[in-house]
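In: okay, structure incoming, though there's no sequence with it:
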């Protein structure tokens, strides 16, 4: 990790599964970010297509790492695996069909490193565990984005209302779609926030739950007004699949899990951290072992031991090759 708080090392994590036809564009867009201090890690969730072949041309890049998981874990756990095996000062996630603006991470870093943000006395800071007048440290920097739907329509996605939809549904009236697109996957999150609140819940509403956990525990979230990413929703995406679309039984159950946690917050004033527990975590290939590391983040002893088991042989292989 960097020692300069104004130049944080950013991990850009790309979880992917059977997306060989689009992953190279996402990698190039990540590596071409104008913020200089980055590492790009592809977490291949045990793909069965030609993903490993598609990413091979990037193996020589010093800021790139490709990690192939032994078992398919699902999107949330693949993200968690990416967090467990990296050590940057901040983390952002790009889907394999996301095309970020070249300055996306730069804008987000500038927000996270700002030293002149204060708690204005006109707001109810006590509710977030803060004191009026104190200096605030931004824990997450979100952006707006464009969404290209499978039918070719381009939709401008803003988060003015969606930050509140699970807590204050009465503020949703007039929104174009229920929930007004709660996706925060491409936010930039300070590593200390992950250490406090944990990783992703193992469900397909993982972004939504994670967003709520940050907000309801008083983390400072800055929404950058510019649209800094284009998200392409293809016919084979989770939200288009009959098994996991917004009306599926699986997603309904996961939404209820999210709402139950909001109920927990209303009763106790807090939402508990998510302790990472990945029973089937395993790695079959790492292209750049130098970039591996263990992040300080809540995890079960079993998961922590598994991470050590992954790091030790890769470190030994690297030493042997030198």
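Out: Happy to help now that I have it. As the structure is a computational prediction, the values presented were derived from the model and not from experiment. Residues are numbered from 1 along each chain as shown.
In: ok, residue 231 - contacts?
Out: Neighbouring residues of residue 231 by Cβ atoms under 8 Å, 6 or more residues apart in numbering: 95, 97-99, 145-148, 157, 183, 186. (Each C-beta comes from the backbone N, C-alpha and C, glycine too.)
In: show me what the helix or strand residue 30 falls within is packed against.
Out: Element membership for residue 30 (DSSP states H and E) is helix 23-31. Packing partners of helix 23-31 (3 or more Cβ pairs under 8 Å, 6 or more residues apart in numbering; DSSP states H and E): strand 10-16, strand 38-44, helix 51-55, strand 98-100.
In: returning to that earlier point: of the contacts of residue 231, the lowest pLDDT goes to which?
Out: On pLDDT alone, residue 183 ranks lowest of the contacts of residue 231, at 55.
In: about what we covered before: now do the helix holding residue 30 and strand 38-44, the angle between them.
Out: Put simply, helix 23-31 runs at 160 degrees to strand 38-44, going by axes from the mean of the first three to the mean of the last three Cα atoms, to 10 degrees.
In: buried sites along helix 23-31?
Out: Residues 23-24, 26-27, 29-30 are the ones in helix 23-31 that count as buried (16 or more other Cβ atoms under 10 Å).
In: tabulate these (JSON lines), appending pLDDT and distance to residue 38.
Out: As requested, those are arranged in JSON lines below (pLDDT from 0 to 100; distance: Cβ to Cβ, whole Å):
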{"residue": "23", "pLDDT": "96", "distance to residue 38": "17"}
{"residue": "24", "pLDDT": "97", "distance to residue 38": "17"}
{"residue": "26", "pLDDT": "95", "distance to residue 38": "14"}
{"residue": "27", "pLDDT": "97", "distance to residue 38": "12"}
{"residue": "29", "pLDDT": "96", "distance to residue 38": "12"}
{"residue": "30", "pLDDT": "97", "distance to residue 38": "7"}
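In: one step back: contacts for the helix holding residue 30 next, please.
Out: In contact with helix 23-31 (Cβ under 8 Å, 6+ apart) are residues 12, 14, 16, 38, 40, 42, 51, 54-55, 57-58, 61, 63-64, 94-100, 102.
In: can you do 6 Å?
Out: 12, 14, 16, 40, 54, 58, 94, 96, 98-100 (Cβ atoms under 6 Å, 6 or more residues apart in numbering).
In: about what we covered before: out of the contacts of residue 231, which one sits closest to residue 258?
Out: residue 183 (13.7 Å; Cβ to Cβ).
In: which SS class is residue 304?
Out: helix (DSSP: H, G, I helix; E, B strand; the rest coil).
In: typed the wrong thing, it's residue 144
Out: Under three-state DSSP, residue 144 comes out as strand.
In: got any ranges where the stretch 151-300 of the chain has weak pLDDT?
Out: 159-163, 172-183, 235-246 (pLDDT under 70).
In: which residues in it form helices?
Out: Ranges of helices in the stretch 151-300 of the chain, per DSSP state H, counting those that start in this stretch, are 191-197, 206-216, 249-268.
In: how about residues contacting the second one?
Out: Spelled out, it's helix 206-216. By Cβ under 6 Å, 6+ apart, helix 206-216 touches 76, 140, 166, 182-185, 197, 200-201, 258, 265, 271.
In: same question for the last one.
Out: Contact partners of helix 249-268, identified using Cβ under 6 Å, 6+ apart, comprise 166-167, 203-205, 208-209, 216, 244, 271.
In: and if we set it to 8 Å?
Out: By Cβ under 8 Å, 6+ apart, helix 249-268 touches 166-167, 201, 203-205, 208-209, 212-213, 216, 243-245, 270-272.
In: give me the buried positions along the longest strand seen in the chain.
Out: In the chain, with assignment by DSSP state E, the single longest strand is strand 221-232. With burial defined by 16+ other Cβ under 10 Å, the residues of strand 221-232 counted as buried are 221-224, 227-232.
In: many thanks, we can stop here.
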